[in-house]
Each structure stands twice: as C-alpha cells, then as structure tokens.
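Got a predicted structure plus its sequence, pasted below:
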Amino acid sequence: MITVTKTPGKLTVSGHAGYAERGKDIVCEAVTSQVQTLTESIGQLAHEKPVFSLSSGFYELDLEELGDKSLFLVSAFMVGMRLLQDGYPEHVKVI
C-alpha cells in the first residue's frame, strides 16, 4: 500500500501499491507521475527550488520554506491522491 501523509512541515509518500506486478502497476505509475509533476511544477510554475528526498518507494518534500503558490500545488496534489484513494482504497491511503 502507498501511504500519503501531509503534516505542517512535510509531505511523505511511501510504500508500493501492490496492484499489479512491477512494470504493470497502474496505481504506482499514477502516484509516481503525480509526485514528479508536483516536484517539477514547484520549480517551473512557482519558481521555487523544492527540497526533497527520493528513493524506491519513498518521497519526502520539505514544506516549511515553500511559498503560497507551491503550497497551492501541494493542495492540488493531495486532491489527486484522495481521488486515487477513492478509486483504489486497498492500494492508496491518505492520512
């Protein structure tokens, strides 16, 4: 299961969806795409440099230094994660 947690200081995405075998897991790919879009959008649209950690099955974004535009993008990301949770509740959990 992929767990998405947003606290006042950070956003964490961890785990693996387990929806299908590696390379065919559409839930994992959807989350990965959203994470990449968020990170790039903070840089390209909000003109800020996101501070994040990324490894297999783990992403953490520091929210403490982000401005209003970037935080709005994070809110949009959370909408997308809740939609994925609604569609795949056994594979995505938003806390």
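The structure has been received and is ready for your questions.

Let's verify the residue sitting nearest the centre point of the chain: helix, strand, or coil?
When Cα atoms, centre = their mean is applied to the chain, the residue found nearest the centroid is Val35 (4.1 Å). Secondary structure assignment for Val35 (DSSP: H, G, I helix; E, B strand; the rest coil): helix.

Excluding chain neighbours, what is closest to it?
Tyr59 (5.1 Å; Cβ to Cβ, 6 or more residues apart in numbering). C-beta: built from backbone N, CA, C; applies to glycine.

Mind pulling the model confidence for the residue lying closest to His91 once chain neighbours are set aside?
Spatially, and ignoring its direct neighbours in sequence, His91 is nearest to Ala17 (4.3 Å; Cβ to Cβ, 6+ apart). Note for Ala17: predicted pLDDT of 96.

Burial check on Ala17, number of neighbours?
Residues lying near Ala17 (other Cβ atoms under 10 Å) number 21.

hang on, the residue nearest to the centre of the chain packs against Glu60?
No - counting by Cβ atoms under 8 Å, Val35 stays clear of Glu60, with 10.4 Å between them.

re earlier: helix or strand for the residue nearest to Val35, just tell me which one.
strand 58-62 (DSSP states H and E).

what does Asp86 give?
Asp86 is part of helix 68-87, with elements assigned from DSSP H and E.
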